[in-house]
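Participant: quick one, structure for this:
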Amino acid sequence: MTGHTAEDHLGELEIDNGRAVVRYVRRLPQPPGAVWQAITEDDHLTAWFPTTIDGDRAAGATLTFRFADVDLPPMTGTTVTFDPPSTMEFTWGEDVVRFELAPGDGAGTVLTLIVTMAEIGKAARDAAGWHVCLDNLAVDVAGGGVESAGHGDRWRPLNDAYAERFGPEAATVGPPKEWVDKYGEV
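Facilitator: Got it, this is the predicted structure:
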């Protein structure tokens with residue numbers, strides 16, 4: 001992200017039938033195949049995704065998500081769409097997470113992440129978390145190592161930026177106690 005601030009990549013919020021929909025668009029210099037590997041292969045997921053993803057990457061498959069760094073119970077979901085190398089969508093607890101890849105400038109990729117959240121009050125909190133994940137994804141796909149330490153330090157200012165951008169109704173739910181225990185008070 002050289003030459004950019006985190007705020008340059010803030011997601012956009014829309015409300016759809018009482019659900020918060022946050023859309024992020026990132027332009028990555030790597031080709032779609034490399035980005036697809038980073039969003040689907042377990043070796044890459046550990047560098048940027050907040051949980052493991054256990055289960056088949058196939059439409060209709062049941063998925064289990066386990067948090068490695070925070071003592072939270074596993075979540076379940078279902079693969080909705082798996083269309084290599086362009087689209088992956090799954091339920092993540094009560095939320096829906098959709099990745100879309102399209103060719104970008106030159107050999108690059110336009111990555112669109114759309115997260116549909118069941119609860120509007122957690123939009124700022126979760127938007128900041130997904131933002132950190134996307135930053136880590138960009139580092140991973142570029143071949144760099146990702147530091148999990150300092151996650152809270154990166155999340156806090158982004159949470160504040162999203163709360164300001166989305167408004168108070170989108171910032172009524174804070175981080176889970178287990179997250180605060182690991183990363184400190186926000």
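Participant: for the lengthiest helix in the chain, packing partners?
Facilitator: Longest helix in the chain, counting residues (DSSP state H): helix 123-141. Packed against helix 123-141 by the contact rule (3 or more CB pairs under 8 Å, 6 or more residues apart in numbering; DSSP states H and E) you find strand 19-28, helix 32-40, helix 42-48, strand 109-117, helix 151-166. For glycine as for every other residue, the C-beta is placed from the backbone atoms N, C-alpha and C.
Participant: for Arg125, which of those is the nearest?
Facilitator: Proximity to Arg125 (CB to CB) singles out helix 151-166 among those, at 6.1 Å.
Participant: which residues touch the most centrally placed residue in the chain?
Facilitator: Note on the chain: the residue nearest the mean C-alpha position is Trp130, at 3.2 Å, using CA atoms, centre = their mean. Trp130 sits next to Gly11, Val22, Tyr24, Leu113, Val115 when contact means CB atoms under 8 Å, 6 or more residues apart in numbering.
Participant: got a quick ChimeraX command for the buried subset of the residues you listed?
Facilitator: In ChimeraX syntax, the buried subset of the contacts of Trp130 is picked out as below (16 or more other CB atoms under 10 Å):
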select :11,22,24,113,115
